[in-house]
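*Asks:* below is the sequence, then the predicted model.
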Amino acid sequence: MKPVELLVCTKCNRADALGDVALSHGTQLYEELAAEPPEGVKVTPIDCLSNCTRSCSIVLRGEGRWTYVYGNLHEGDHPDIIREGAQKYAATTDGLVTWRERPEHFRKNCMARIPPMEIPE
């Protein structure tokens, strides 16, 4: 199976957060996911995904696969949901997980679905 990458925006700060935080919410989410990465998935910090109004944000991508951008993620509530979704994504050859098989949060908070560089015929 070709490698899969989970990008985590480390600049994200949720709008509902009160006060200053020592580490951005995105950095907290990255650290949680990197401490226990989903099987077969490389977790990578990324500086900014420009999805600030829907933060925290992540991307799932892989060679020859569709790429997905997800938002409205919470660093404390969603790491296990992200791991589940990433493992299902990694188990595909094209990145297409059946809609009903995706975690509910992924179904309701997909910001973009981007085709592979070479679109299969």
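*Replies:* Perfect, I can see it now. Residues are numbered from 1 along each chain as shown.
*Asks:* can you tell me how far the residue nearest to the spatial centre of the chain sits from residue 103?
*Replies:* By Cα atoms, centre = their mean, the chain has its centre lying nearest to residue 58, at 3.0 Å. According to Cβ to Cβ, to the nearest Å, residue 58 stands 12 Å off from residue 103. C-beta coordinates here come from the backbone N, C-alpha and C atoms, glycine included.
*Asks:* cool, residue 47 as well?
*Replies:* Taking Cβ to Cβ as the criterion, residue 47 is separated from residue 103 by 26 Å.
*Asks:* more crowded one of those two?
*Replies:* Set side by side, residue 47 and residue 103 show more neighbours around residue 103, with 19 against 8, by other Cβ atoms under 10 Å.
*Asks:* need the contact list for the more buried one.
*Replies:* Residues touching residue 103, when contacts are defined by Cβ atoms under 8 Å, 6 or more residues apart in numbering, comprise 81, 84, 85.
*Asks:* which stretches in this protein count as helices?
*Replies:* With DSSP state H applied, the chain shows helices at 25-35, 79-90, 104-108, listed in chain order.
*Asks:* can you show me the strands along the chain?
*Replies:* Under the criterion DSSP state E, strands of the chain are mapped to 4-9, 41-46, 58-62, 67-70, 110-114.
*Asks:* what's the closest of those strands to residue 27?
*Replies:* Within the strands of the chain, the stretch nearest residue 27 is strand 41-46; the backing value is 7.5 Å (Cβ to Cβ).
*Asks:* show me which positions of that closest one end up buried.
*Replies:* Applying a neighbour-count criterion of 16 or more other Cβ atoms under 10 Å, one finds 41, 43, 45, 46 buried in strand 41-46.
*Asks:* same check on stretch 86-99?
*Replies:* Using 16+ other Cβ under 10 Å as the burial criterion, the residues of stretch 86-99 that qualify are 86, 88, 89, 90, 92, 95, 97.
*Asks:* other residues contacting that stretch?
*Replies:* Outside of stretch 86-99, the residues that reach it under the criterion Cβ under 8 Å, 6+ apart are 1-2, 4, 6, 38-41, 60-62, 64-68, 85, 101-102, 107, 116, 120.
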